[in-house]
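Peer 1: whatever this is, show me its structure:
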Amino acid sequence: EEWEKNYFQPILLGEGQCLIRAPFHEPQPELPLEIIISPKMAFGTGNHETTSLICSWLLGHDLRGLRVLDMGCGTGILGIIALKRGAGSLTAIDIDPWAYENVQENASLNNVSIDEIICGDASTLEGKAPYDLILANITRNILLEDMPRYRAVMAPGARLVLSGFYEEDAPQLIARGAELGLSLVSQRSRQRWTSLELQLA
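Peer 2: The predicted structure follows:
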């Protein structure tokens, strides 16, 4: 609670397109997009470079109608932005029970409906319908381990957007993606933290 009040400040992303704030911050309805996040104990307020990199990617792409998977969803911020920008459906997965509860609260705060919220890891993806977009802001080693599971639930032409690692980790993740038939589309960095956009042919 103390951290929320003292350190979670409202932030603007995407050249002022999107405000991310807590419920106790003043609304700014004049902005194109406003996301309300009650962080509790879960990761993802937009302040960290890895979260803001993927948020900026989402704000720069057409998401209308896409089936989205948010792996390691934390507060649910990434998936909620996707829904607010027209995504057709969202599955949110996190191994942390705190996140499971927090995602439900944040969806309600933003008046969006998440199709499926799962407390678990990538093994829960088995048998899931294909996704058009997978977001995964997790550590390098988990991404390397779980990428085959992501690949198994990607629709033709689907994109995989990764973050949670440093620039020097990118070649290893790009190589892993290539082994799985995923080609690099874009790479962006901020304060050494990096995001990758990979696509399935």
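Peer 1: partner strands of the strand ranked longest in the chain and their direction?
Peer 2: Of all the segments of type strand in the chain, defined by DSSP state E, the longest one is strand 154-166. Partner strands and pairing direction for strand 154-166 (DSSP bridges) are strand 131-137 (parallel), strand 193-200 (antiparallel).
Peer 1: name the next helix or strand following the shortest one along the chain.
Peer 2: Looking back up the chat, that one is strand 131-137. As assigned by DSSP states H and E, the chain's next helix or strand after strand 131-137 is helix 140-152.
Peer 1: what does that following helix rub up against?
Peer 2: Residues from elsewhere that reach helix 140-152, judged by CB atoms under 8 Å, 6 or more residues apart in numbering: 69, 71-72, 121-123, 125-126, 134, 136, 138, 160, 162, 164-166, 169, 172-173, 176-177, 180-182, 200. Where C-beta positions appear, they are placed from N, C-alpha and C, glycine not excepted.
Peer 1: restricted to buried residues, select those in ChimeraX.
Peer 2: Buried subset of these, written as a ChimeraX selection, criterion 16 or more other CB atoms under 10 Å:
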select :69,71,72,121,122,125,134,136,138,160,162,164,165,169,173,176,177,182,200
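Peer 1: deepest-packed of the strands paired with strand 154-166, please.
Peer 2: strand 131-137 (a mean of 24; mean count of other CB atoms under 10 Å).
Peer 1: nearest the geometric middle of the chain, what residue?
Peer 2: residue 78 (3.6 Å; CA atoms, centre = their mean).
Peer 1: doesn't residue 70 make contact with it?
Peer 2: Yes: at 5.2 Å, residue 78 counts as touching residue 70 under the criterion of CB atoms under 8 Å.
Peer 1: between the two, which contacts overlap?
Peer 2: In contact with both residue 78 and residue 70: residue 135, using CB under 8 Å, 6+ apart.
Peer 1: hmm, back to that, distance-wise, check the residue nearest to the centre of the chain relative to residue 183.
Peer 2: 22 Å (CB to CB, to the nearest Å).
Peer 1: for residue 102, same thing?
Peer 2: In terms of CB to CB, residue 102 sits 34 Å off from residue 183.
Peer 1: what about those two, which has more around it?
Peer 2: residue 102 (24 against 12; other CB atoms under 10 Å).
Peer 1: so the more buried one sits against residue 75, correct?
Peer 2: Yes: between residue 102 and residue 75 there is a contact at 5.4 Å, judged by CB under 8 Å.
Peer 1: show me where pLDDT drops low in the protein?
Peer 2: When residues are selected by pLDDT under 70, those of the chain lie in 1-8, 16, 39-47.
Peer 1: can you give me the helices for this structure?
Peer 2: 2-7, 49-59, 77-84, 97-109, 140-152, 170-179 (DSSP state H).
Peer 1: nearest to residue 22, out of those helices?
Peer 2: Relative to residue 22, the nearest member of these by CB to CB is helix 2-7, separated by 6.2 Å.
Peer 1: ok, residue 190 touching residue 53?
Peer 2: Yes: between residue 190 and residue 53 there is a contact under CB under 8 Å: 5.8 Å.
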